[in-house]
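Student: Provide a 3D model corresponding to the input given below.
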Amino acid sequence: MSKLYNIFKLAKSKIKPRTKPDKSKVDLARSELNILKAKEKAVTKMADDVKANPDLFKQSKAFCLRMLGMKKKLTSKKTARDPNSRINKALRKWDC
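Tutor: A predicted model of the protein is given here:
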């Protein structure tokens, strides 16, 4: 978390005192901070899932890789973008 705080602090430190803060730099720092927090949560969630049931995690990882390959090779562009297609429903269900 300190790494995230340092990025935000660095963006604020680049703003000159006695002037209006450049909102784009602050907003950029905030968006980067949010992205890093989301990635951190995803990594910890994945680590917890692996610890809970490593065999199931391996199975789901293999399924996701196989299905993503099938989606890339065997589906049309229209089907690939359709949220109600069978392959996209399966990927959602397995959290791929």
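Student: what comes into contact with stretch 54-71?
Tutor: Stretch 54-71 is touched from outside by 49, 50, 80, 87, 88, 90, 91, 94, 95, 96, with contacts defined as C-beta atoms under 8 Å, 6 or more residues apart in numbering. For glycine as for every other residue, the C-beta is placed from the backbone atoms N, C-alpha and C.
Student: residue 32: neighbour count?
Tutor: Residue 32: 14 surrounding residues under other C-beta atoms under 10 Å.
Student: element containing it?
Tutor: helix 23-52 (DSSP states H and E).
Student: in whichever helix or strand comes after that helix, what's buried?
Tutor: Next along the chain after helix 23-52, taking DSSP H and E as the criterion, comes helix 54-74. Using 16 or more other C-beta atoms under 10 Å as the test for burial, helix 54-74 gives 67, 71.
Student: so how far is helix 54-74 off the chain centroid?
Tutor: Chain-centre distance of helix 54-74: 18 Å, with C-alpha atoms, centre = their mean, to the nearest Å.
Student: now that helix: average pLDDT?
Tutor: Mean pLDDT, helix 54-74: 86.
Student: only alpha carbons, please: show that helix as PDB.
Tutor: This file holds the C-alpha atoms of helix 54-74, laid out as PDB (Å, rounded to 0.1, in the frame of the first residue of the first chain):
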ATOM      1  CA  PRO A  54      -5.200 -26.000  -5.600                       C
ATOM      2  CA  ASP A  55      -6.600 -28.800  -7.800                       C
ATOM      3  CA  LEU A  56      -9.800 -26.900  -8.600                       C
ATOM      4  CA  PHE A  57      -7.700 -23.800  -9.400                       C
ATOM      5  CA  LYS A  58      -5.600 -25.900 -11.900                       C
ATOM      6  CA  GLN A  59      -8.700 -27.300 -13.500                       C
ATOM      7  CA  SER A  60     -10.300 -23.800 -13.900                       C
ATOM      8  CA  LYS A  61      -7.100 -22.400 -15.300                       C
ATOM      9  CA  ALA A  62      -6.800 -25.100 -17.800                       C
ATOM     10  CA  PHE A  63     -10.500 -24.700 -18.800                       C
ATOM     11  CA  CYS A  64     -10.100 -21.000 -19.200                       C
ATOM     12  CA  LEU A  65      -7.000 -21.300 -21.400                       C
ATOM     13  CA  ARG A  66      -8.700 -23.900 -23.600                       C
ATOM     14  CA  MET A  67     -11.900 -21.900 -23.900                       C
ATOM     15  CA  LEU A  68     -10.100 -18.700 -24.700                       C
ATOM     16  CA  GLY A  69      -8.100 -20.500 -27.400                       C
ATOM     17  CA  MET A  70     -11.400 -21.900 -28.900                       C
ATOM     18  CA  LYS A  71     -13.000 -18.500 -28.800                       C
ATOM     19  CA  LYS A  72     -10.000 -17.000 -30.600                       C
ATOM     20  CA  LYS A  73      -9.900 -19.700 -33.300                       C
ATOM     21  CA  LEU A  74     -13.400 -20.900 -33.800                       C
END
